[in-house]
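Chemist: Below is the structure, and that's it, no one-letter string:
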């Protein structure tokens, strides 16, 4: 499989979306809506649920199932209110020292006039800023497409995991090809250059764990999550936040 | 996200201005410049004296990081941090090495941001200034690292930070690690703020993509130069997504301020005194 095959797999029809992971891994999912400022962005799903016996806050980007659902969820491209809705739930989780588990699957934050007018950049910026210091365990799992800033806004956490066929990139390969070579059909070449597969990202230190996509995926993911969350719940929150700071502090290569 | 402005806008200008800053001889004084906006012709020297703002129509042209520092910092007060830090093509991205050496030549800088400590009207301040002539202020690992170190230095020394943003966004040639700079800098900004320090940011044309979606929008006070393009997704990207024309003014600073994301718009020639006033007003009153 070359890098672009991973991109196509990550985008493919019939792939498990955020809602499948919530259903299969958690119990008693109780959805919460709205950002209390503007509206309820359906591209972002938020709520409370149990991970076995641990109450958690679950947040995810949802692309939708059938055509109608997909449109309602804007194909997983959130508006600013979606990121603000997520942050509201994170703040609530922090208050009760409840772990936060996030699922990322988005082509990117929505690029539209209204999104700009309501501060798409500011909404993402605020999430990055606040999430760096939220005093409760956080885990983010990339389950499909990780599209740039729109993905990162739900992927600042103590650990970031990635499904073996998920991709995570600063720009879509098509976008990259059209900017660099004025030819979006060179997306295959761009994918190779961008190093966006799970293997690549693990070797760059951006993800801690790659999740195998086999029949036992939900069970394994559940068990791995349970183990990590219990481990991190035992840590002092100061230490947890300091470790999270260090995690991002290390990133980047300079001379 | 990274986007490029259409070729016709300001790219032509950059070269003219670069030449202007390099030739500070007598010939520069006699060389003429025609403003693209108001079509007035005057000497390049006159333009340079007004900090690259057209003295007739107030059009703010691009200005290098060094020129800005000269304009803002009290004389000889600037001491630079991490001057020699430079980017590596760690992904082996096609054409990146050539782009980097071209950018270094164009800008006379090692990276897209210059960081350091200075005094502004006598008040000690940490300062970062991004350079539009280095890959249009593209944010790579070095950009993120230098700004992060500056915020950490400012936190440890209880200094305010003044930052000038200009950027096309994250640098795609550094792949995912350029995206990670957004999270890295954001965490450092948060720490600086949690220790009750001031951060003032000035947005200049254009501020976009990953820079808008991180440290450009995290300041306590966000200022902008007149008519600067301030956006997350650029007009071209939006047009490709929604297949509709984007009105030119809706991503200009004046509109962004109307939407509530900018505290004030300050022209270049007033910036030093304006920043000085703000810095002074944030000093703690002692009884």
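Modeler: Sure thing, it's come through. Quantities reported herein were computed from a predicted structural model and do not represent experimental measurements. Numbers count the residues shown, from 1 in each chain, chains lettered A, B, ... in the order given.
Chemist: dump the residue contacts of the most centrally placed residue in chain A.
Modeler: Centroid-nearest residue in chain A: residue A:104, 2.5 Å away (criterion: CA atoms, centre = their mean). Shown in contact with residue A:104 (CB atoms under 8 Å, 6 or more residues apart in numbering or on different chains): A:60, A:61, A:140, A:141, A:142, A:143, A:144, A:146, A:151, A:154, A:155, A:168. For the C-beta atoms, the positions are set from N, CA and C on the backbone; glycine is no exception.
Chemist: Now do the buried residues in the lengthiest helix in chain B.
Modeler: Ranked by residue count and defined by DSSP state H, the top helix of chain B is helix B:175-194. By 16 or more other CB atoms under 10 Å in any protein chain shown, the buried positions in helix B:175-194 come out as B:175-193.
Chemist: which of those are close to chain A?
Modeler: Among these, proximity to chain A is found for B:175-184, B:186-191 (CB under 8 Å from any CB of the partner chain).
Chemist: quick one: the helices in the stretch 1-150 of chain B?
Modeler: Assigned by DSSP state H, counting those that start in this stretch, the stretch 1-150 of chain B shows helices spanning B:11-22, B:26-30, B:44-49, B:65-72, B:96-107, B:141-156.
Chemist: So which of those is the most surrounded?
Modeler: The highest mean neighbour count among those, using mean count of other CB atoms under 10 Å in any protein chain shown, belongs to helix B:141-156: a mean of 23.
Chemist: quick one, it and helix B:175-194 angle?
Modeler: Angle, helix B:141-156 to helix B:175-194, by axes from the mean of the first three to the mean of the last three CA atoms, to 10 degrees: 10 degrees.
Chemist: picking that back up, the residue nearest to the centre of chain A should be in a helix, yeah?
Modeler: No - under DSSP: H, G, I helix; E, B strand; the rest coil, residue A:104 falls outside any helix and is assigned strand.
Chemist: For it, name its beta-bridge partners.
Modeler: residue A:142 (DSSP bridges).
Chemist: Touching, residue A:197 and residue A:163? I think so.
Modeler: No - if you go by CB atoms under 8 Å, residue A:197 and residue A:163 don't touch, sitting 10.8 Å apart.
Chemist: re the thing from before, ok, and the most crowded of the contacts of residue A:104?
Modeler: residue A:61 (34 neighbours; other CB atoms under 10 Å in any protein chain shown).
Chemist: okay, now the closest residue to that one other than its chain neighbours: neighbour count?
Modeler: Using CB to CB, 6 or more residues apart in numbering or on different chains and skipping residues adjacent in sequence, the residue nearest residue A:61 is residue A:106, 4.3 Å away. Number of residues near residue A:106 (other CB under 10 Å) recorded here: 29.
Chemist: how near is the closest residue to residue B:230 other than its chain neighbours to residue A:118?
Modeler: For residue B:230, ignoring the flanking residues on the chain, the nearest one in space by CB to CB, 6+ apart is residue B:256 at 4.6 Å. Using CB to CB, to the nearest Å, one obtains 11 Å as the distance from residue B:256 to residue A:118.
Chemist: Among the two, which residue is more densely surrounded?
Modeler: Of the pair residue B:256 and residue A:118, residue B:256 is the one with more neighbours under other CB under 10 Å, namely 27 against 20.
Chemist: Show the contacting residues for residue A:210.
Modeler: A:161, A:162, A:163, A:164, A:198, A:199, A:202.
Chemist: The fifth one contacts residue A:162, doesn't it?
Modeler: When you say that, I think you mean residue A:198. Yes - Residue A:198 is in contact with residue A:162 according to CB under 8 Å; the separation is 4.5 Å.
Chemist: Return every residue with contacts to both of these two.
Modeler: By CB under 8 Å, 6+ apart, the residues touching both residue A:198 and residue A:162 are A:207, A:210.
Chemist: For those two, indicate the residue with more neighbours.
Modeler: Between residue A:198 and residue A:162, counting by other CB under 10 Å, residue A:162 is the more crowded of the two (26 against 23).
Chemist: Look up the pLDDT of residue 234 for me, please.
Modeler: Since you didn't name a chain, this refers to chain A. Predicted confidence (pLDDT) for residue A:234: 97.
Chemist: Please refer instead to chain B.
Modeler: For residue B:234, the model assigns a pLDDT of 91.
Chemist: Count the residues that sit near it.
Modeler: Residue B:234 - counted by other CB under 10 Å - has 25 other residues nearby.
Chemist: those strands in the chain, which residues are they?
Modeler: You didn't say which chain, so I picked chain A. A:27-32, A:44-51, A:54-61, A:100-106, A:138-147, A:159-163, A:167-169, A:209-211 (DSSP state E).
Chemist: Sorry, I should have been clearer: chain B.
Modeler: Going by DSSP E, chain B shows strands at B:32-34, B:41-43, B:79-81, B:113-120, B:123-130, B:161-167, B:199-207, B:221-224, B:264-265.
Chemist: Adding mean pLDDT, write the ones you listed out as a markdown table.
Modeler: Converted to a markdown table, these look like this (pLDDT from 0 to 100):
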| stretch | mean pLDDT |
| --- | --- |
| strand B:32-34 | 92 |
| strand B:41-43 | 93 |
| strand B:79-81 | 97 |
| strand B:113-120 | 98 |
| strand B:123-130 | 98 |
| strand B:161-167 | 98 |
| strand B:199-207 | 97 |
| strand B:221-224 | 98 |
| strand B:264-265 | 98 |
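Chemist: out of those strands, which comes closest to residue A:123?
Modeler: strand B:221-224 (14.5 Å; CB to CB).
Chemist: any bit of that closest one sitting next to chain A?
Modeler: No - applying CB under 8 Å from any CB, one finds strand B:221-224 separated from chain A by no less than 9.1 Å.
Chemist: Packing partners of that strand?
Modeler: strand B:199-207, helix B:253-258, strand B:264-265, helix B:268-281 (3 or more CB pairs under 8 Å, 6 or more residues apart in numbering or on different chains; DSSP states H and E).
Chemist: How far away from the center of its chain is it?
Modeler: 12 Å (CA atoms, centre = their mean, to the nearest Å).
Chemist: try stretch A:155-174
Modeler: 7 Å.
Chemist: Ok, stretch B:108-120 next?
Modeler: With CA atoms, centre = their mean, you get 11 Å for stretch B:108-120.
Chemist: Equivalent analysis for stretch B:173-191, please.
Modeler: When distances are taken as CA atoms, centre = their mean, stretch B:173-191 is centred 17 Å away from the chain's centroid.
Chemist: Mean confidence (pLDDT) on it, please.
Modeler: The pLDDT scores in stretch B:173-191 average 98.
Chemist: what comes up buried for stretch A:90-104?
Modeler: For stretch A:90-104, using 16+ other CB under 10 Å, the buried residues are A:90, A:93, A:94, A:98, A:99, A:100, A:101, A:102, A:103, A:104.
Chemist: same thing with stretch A:69-78?
Modeler: Buried residues in stretch A:69-78, counted by 16+ other CB under 10 Å: A:73, A:74, A:76, A:77, A:78.
Chemist: And residue A:170, its phi and psi?
Modeler: Residue A:170 adopts backbone torsions of phi -70, psi -20, taken as degrees, to the nearest 10.
Chemist: Identify the residues contacting the closest residue in space to it that isn't next to it in sequence.
Modeler: Closest residue in space to residue A:170, ignoring its immediate chain neighbours: residue B:179 at 4.3 Å, by CB to CB, 6+ apart. Under the criterion of CB under 8 Å, 6+ apart, the neighbours of residue B:179 are A:148, A:149, A:152, A:169, A:170, B:170, B:210.
Chemist: Tell me the predicted confidence for the fifth one.
Modeler: The predicted structure scores residue A:170 at 96 on the pLDDT scale.
Chemist: what's around residue A:139, how many residues?
Modeler: Residues within reach of residue A:139, counting by other CB under 10 Å, total 23.
Chemist: Quick check: it touching residue A:99?
Modeler: Yes - using CB under 8 Å, residue A:139 is in contact with residue A:99, at 7.3 Å.
Chemist: Identify the contacts common to these two.
Modeler: In contact with both residue A:139 and residue A:99: residue A:229, using CB under 8 Å, 6+ apart.
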